[in-house]
Structure formats: structure tokens, C-alpha cells
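Engineer: need coordinates for the following:
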Amino acid sequence: MRLKLLAGIAVLGLAACAPSTTTVSNTTIELTLPTANWAGFRDAFIEGWFKIDPANAVYQGRHDFDGGLGDWSAAGLKRQGDFLRDAIVKARAFDAAKLGKQDAFERDYLVGVAEGKLFWLEDADQPHTNPAWYVGAGLDPNVYIARNYADAPTRMKAMIAFLQKVPAAAANIRANLKTPMPLSYINYGAAGFNGFADYYTGDAKKAFAGVQDAALQKQFDEAAGPASKAMKDLGSWLESQKATATQDFALGADKFSRMIKMTEGVDVPLDQLEKAGRADLKRNQDALKAACAQFAPGATIPACMAKMNANMPEGGPVAEARKQIPLLKAFVIAKDIVSIPDNEQALVEESPPYNRQNSAYIDPPGPFEKGIPSIYYISPPDPSWSKAEQDGFVPGKMDLLFTSVHEVMPGHFLQFRHANASPSLFGRLFVGYAFAEGWAHYAEEMMWDAGLNDGDAETHIGQLSNALLRNCRYLSAIGLHARGMTQEQSRKMFVDECYQDEGNAKQQSARGTYDPAYLNYTMGKLLIRKLRDDWVATRGGRKAWKSFHDEFLKYGGPPIPLVRQAMMGEPTAKAVF
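Structural biologist: Numbering: from 1, shown residues only. Next up is the predicted model:
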């Protein structure tokens, strides 16, 4: 999924919120949270957060915020922290016994969201240590280009307003980031900022080439040029830091434990967390051996995986994915797996050059958008890689099949269709990392278990390839940040234990340094699978899967322990693996 996820899934928007803040100037915002009633407080929190993060509001379809970009000055960052701390204190002051069941749930949900944001902002101190915080925080103007929410001149004007804010934002980024920093951070940040620089004056300019307004085109060029230069200068500055680069990326065991507790409500000892991950890795490795014995008798596991991946999509992965999606939808319907709430379809496109740090992701419209499609993006390999690495990066048909399951049906695309219809206001607005990626990854194994392709061994290997990738993410996150693992050791684990190609292994081991929460794919899957098994045990087993899926998805995207508490009627929210 799209990596606004680096520090947790992006906030989804809220329409018709009660006004609760006063704009004093472009850089000074007074944010107040009324406490007379829960609904007013909740709505004020969301509206206040959108004023702090207007680019996110735009992404979610609040086009009254068009052209906005967050304030990343020292004062702006302090304002974020103060607002979140105030929200946590005031939310906890609402007595759950006096709130209705739904409001009490939303209260805990809001506290979880605010605590997670505060962790990344201050405890992890990402604005000062991690360029990835900025890459995913609003510098991507794709919403103005890929979403036809208004005519091209209107969107072009919004993008001009956005571009005019980029130089000041870049200056704040440069002032905030501390050096020396880890090499992987430098590489990621430089690629992201240089990619934005090229995009602003390249593909973004081309996207509006059809606007026949010379004055508007001139305004665009006058805004895009300085914005591009600011990003290019930032990328060059980062590249100049390579000489003093470090490998000091680890959060440390204590901070890593706080991360999973504050961002996902998972409060378990690291040893227990690691044990669950190693058990799932072993289960999938054993299943892969059995599947390979059928598919490639006598071959090694790497040779078996190579055979699966040698069955390449005709016409490339984008064309193949377009064929896969209707077949997956038909299977979901035939097997009565989960409700499909509407007739919306996902488009499939090649990802833009500036956003290819992940092999595939989906860009779903926010709940305010009307008639805007989701776009499933698939990334080509890095042209700087060797031919062998590039060839290895392109997935085989069955590997791609489960990426399409993950991103579209019944993964993220369907999940966000349910989230937009959630009876919980917060469920429509805030979707957590472990909930979203856990559901999409859970869907891969669940579709295989439901009989996708009738037990075909090659299909199973495709599913297991994706599962093992996430197993190594899980163990790398713990290893890199809490066990002293090096990036090279992580790369080797992706190759040796999870049978990934060198291109993916390099990419994933680097990602683990700047995205320590990427364990959420497997962690979320394990939490959901255990909840499903416990919930259906008294409701008919396999026959109750659809009921479980519909019930689970209606919550939108809270920390999974909160969902477990609600669905199982348990007295406290807890993580059960």
C-alpha cells in the first residue's frame, strides 16, 4: 500500500466537521478542543488535525484545503505535539461509563491514533532524524494530477499554490534534519527528493499541457522551477552527507517496544513477538518445501522459486494484473468470502518514477471523493540495477496474483470500500498500518485456503513467496531495531530464509531501517487470523468466515486489539497471537 504508511497509514478525511479552530495566519494556528460532548470533541480533533496537515486533508478529498502543505518549522512541529498531547488528555477525561458503546470505542480509537502520531513525532523524533517522514507527508502532488475531482485548470491552480509552498518546506526540512545519518536514510531521502524535483517540472508539467491558458502555464512554470530546485538542492545536500554516513538506524529494544504499543496497541514482550514470527516463518518454509516437491521434484527451493517466477506475465505485470482482478472478484463472490459493497473498480497503472520504493501499492480515494477510482500501481525495476536483478524483480504470474489479492481483491481496495461505509466516524477516517496491511496480507493466505486455483502447487508457491517476504520483514524489523542485526544480515536473511531475489532483498533490507513498523504486515495477519479462529469457533467455523470478514472490516481501521475487545466482548484490549 502507498507509503504515506511509513509512519502509519494516512488519515482519512471528514466532511462537515464542526469548526473548532481559528486560523491566525499562515504559520500560526490556534487549536482548541471543546469538551462539552464527545461528538463535538471528535469532530474538532479531526478538523484541527487537517489544519495541521492540510496535504493529508486534500489527499482524503477535502478540497477546501487544496494547495496546502504542513508547517514543518520548529514552531509548527511543536504545535503538532501540543495538539496531540492535549487531545489525549481531554479524550481520556471522557468517562467511558457515561458514553455509549460506540462513543467509548471511538474515544479509545482516537487516543490510539494520537499516541501513534506522537510517537513518530517526538519519541522516534522522525522530523529530525528520518527523511522518510517528509517523503510521505505531503510533497507528492499526485492527487492534483491522477484524480479528476475538478477540471484541469482548477487542479492546476491548486498545484501552483502547493508548489509555491515547497521552497519554504524544503528549507524547514534542511534545518530540521540532523547529521550524520544512516546511509540508507540518505539514499532513500535523496531518491525521494530528487524524484519530486524531476516530477514537478516533468510529468506534472506534462499532465497539464492541455490547459490552454498561457498565463496559468506561466504561473505553473514560475512555481514549479523554484520548487524543483528546492527539492534538487535538498537531494544534493543529502547525497553530500554520504561521506559521514553511519549505520546508526536502530531504535533500540525499548523504543521498538514502545512503537508497537503506542502505534498498534500491541503490548507484548519482544521475545514473545519474535517467537510468533519465527513460528510463522517455519510454517511457511515447510509449506513451501511441500509445494516445491510437487511443482519441481528434486529441485532446490531457490530453483523451484525461479521456475515459478520464470512463468512471466505476457505483456508485462500491468497487463496481467488487469486480467487477474475480475477473476479474483468472481472467486470472492463464488466462495461467499466477503461482501462487496458497491460496483467500484480499481484501475492498474505503472507507478510514477518518484514513488517506486515499493514494488506495488494502491492509491484509494478518500471518503470525500465522488466518482474517483482507486489506482493500483505496479513498479518497474530500478534501471541502475544489473540485468539479472531487474529480471528478478519482475514477478512471476502467480507471485503477481497474490500481489493483486493484497492490493485489490479482497485486499486494500475492498477494505477501503468497507472503511468508507463504516458506522464508526473514526473508522471512515483513520486506518492503521497493522489493520490495513494485516488485512491485505491475511487475505492472501485466506484466498489460498478458500481454494483459489484448486490446490495448484505453482499458485501455492506464489502465495508463499509473498508470505515469506513479509516473514522476513517482521524478523528484520525486530532484528534491525532491537537485536543488533546489520542491513547486510537482513539482506542475507531475505535471500537465504525467505528466498527473495537480490533486488527485492536489497530494497527490503534498506526499507527496514527507515520503516521499522513494516513488521505490521505479518503482525496484523497473525492477530487477525487468531481473532477469526476464536470468533468463528462458536459460530459455525468456516461457514462464518464471511460474517467475520464483514464484521471485522466495518470497524474501518483501529488497532486490532481494540477490534478484538469489541468483537469478542473481552474486558480489555489485548494482542493475542
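Engineer: show the average pLDDT along stretch 512-522.
Structural biologist: Stretch 512-522 carries an average pLDDT of 98.
Engineer: ugh, wrong one, stretch 481-501
Structural biologist: Here the average pLDDT along stretch 481-501 is 97.
Engineer: what about it, start to end distance?
Structural biologist: 23 Å (CA to CA, to the nearest Å).
Engineer: so what touches that stretch?
Structural biologist: Around stretch 481-501, the neighbours that count as contacts under CB atoms under 8 Å, 6 or more residues apart in numbering are 184, 247, 249-253, 255-257, 270, 281, 285, 288, 301-302, 305, 309, 389, 392-393, 465, 468-469, 471-472, 475-476, 479-480, 502, 504-506, 508-510, 512-513, 516. All C-beta spots, glycine's among them, are computed from the backbone N, C-alpha and C.
Engineer: pull out the buried members of these.
Structural biologist: 184, 249-251, 255-257, 270, 281, 285, 288, 301, 305, 309, 389, 392-393, 465, 468-469, 471-472, 475-476, 479-480, 502, 504-506, 508-510, 512-513, 516 (16 or more other CB atoms under 10 Å).
Engineer: of those residues, which belong to helices?
Structural biologist: Using DSSP state H, the subset of the buried ones among the contacts of stretch 481-501 located in helices is 184, 255-257, 270, 281, 285, 288, 301, 305, 309, 389, 392-393, 465, 468-469, 471-472, 475-476, 479-480, 502, 504-506, 508-510, 512-513.
Engineer: wait, what's in contact with Ile461?
Structural biologist: Leu288, Ala291, Cys292, Phe295, Cys304, Met305, Met308, Met398.
Engineer: 6 Å - rerun?
Structural biologist: For Ile461, the contacting residues are Ala291, Met308, by CB atoms under 6 Å, 6 or more residues apart in numbering.
Engineer: one more: Gly67?
Structural biologist: Taking CB under 6 Å, 6+ apart, one finds Ala158, Ala161, Phe162 in contact with Gly67.
Engineer: same thing but 10 Å
Structural biologist: The contact partners of Gly67, by CB atoms under 10 Å, 6 or more residues apart in numbering, come to 54-55, 58, 141, 144, 157-165.
Engineer: cool, and Ala346?
Structural biologist: Counted by CB under 10 Å, 6+ apart, Ala346 has contacts 321-322, 325, 329, 362-364, 373-376, 404, 407-409, 412-414, 416-417.
Engineer: now do Asp363
Structural biologist: 1-2, 4, 59, 140, 142-143, 146-147, 346-347, 349, 351, 355, 372-377, 412.
Engineer: which strand residues bridge it?
Structural biologist: Note on Asp363: beta-bridge partners by DSSP bridges are Ile375.
Engineer: ok, it to Tyr433 distance?
Structural biologist: 16 Å (CB to CB, to the nearest Å).
Engineer: go on, Arg107?
Structural biologist: Arg107 is 21 Å from Tyr433, by CB to CB.
Engineer: of the two, who's got more company?
Structural biologist: Tyr433 (27 against 21; other CB atoms under 10 Å).
Engineer: quick one: contacts for the spatially closest residue to the more buried one that is not a sequence neighbour?
Structural biologist: Among residues not flanking Tyr433 along the chain, Asn520 sits closest, at 4.5 Å (CB to CB, 6 or more residues apart in numbering). If you count contacts by CB under 10 Å, 6+ apart, Asn520 has them with 5, 8-9, 260, 263-264, 266, 432-438, 441, 470, 473-474, 477, 527, 560.
Engineer: again, but for Leu270
Structural biologist: Counted by CB under 10 Å, 6+ apart, Leu270 has contacts Ala253, Asp254, Phe256, Ser257, Ile260, Ile478, His481, Ala482, Arg483.
Engineer: now the helices for the stretch 451-577 of the chain?
Structural biologist: Taking DSSP state H, counting those that start in this stretch as the criterion, the stretch 451-577 of the chain carries its helices at 457-482, 487-496, 502-514, 520-536, 545-553, 560-568.
Engineer: swap that for the stretch 151-300 of the chain, please
Structural biologist: According to DSSP H, counting those that start in this stretch, the helices that the stretch 151-300 of the chain contains are 152-176, 183-201, 203-207, 214-239, 253-264, 270-295.
Engineer: between the ones you listed, which gets nearest to Glu458?
Structural biologist: Closest approach to Glu458 among these is made by helix 270-295 (5.5 Å; CB to CB).
Engineer: from the chain's centroid, how far away is the closest one?
Structural biologist: With CA atoms, centre = their mean, to the nearest Å as the basis, helix 270-295 stands 24 Å off its chain's centre.
Engineer: next, the buried residues of stretch 222-235.
Structural biologist: Ala223, Ala224, Ala227, Ser228, Lys229, Ala230, Met231, Lys232, Asp233, Leu234, Gly235.
Engineer: same question for stretch 121-128.
Structural biologist: Buried, per 16+ other CB under 10 Å, within stretch 121-128: Leu121, Glu122, Ala124, Asp125, Gln126, Pro127, His128.
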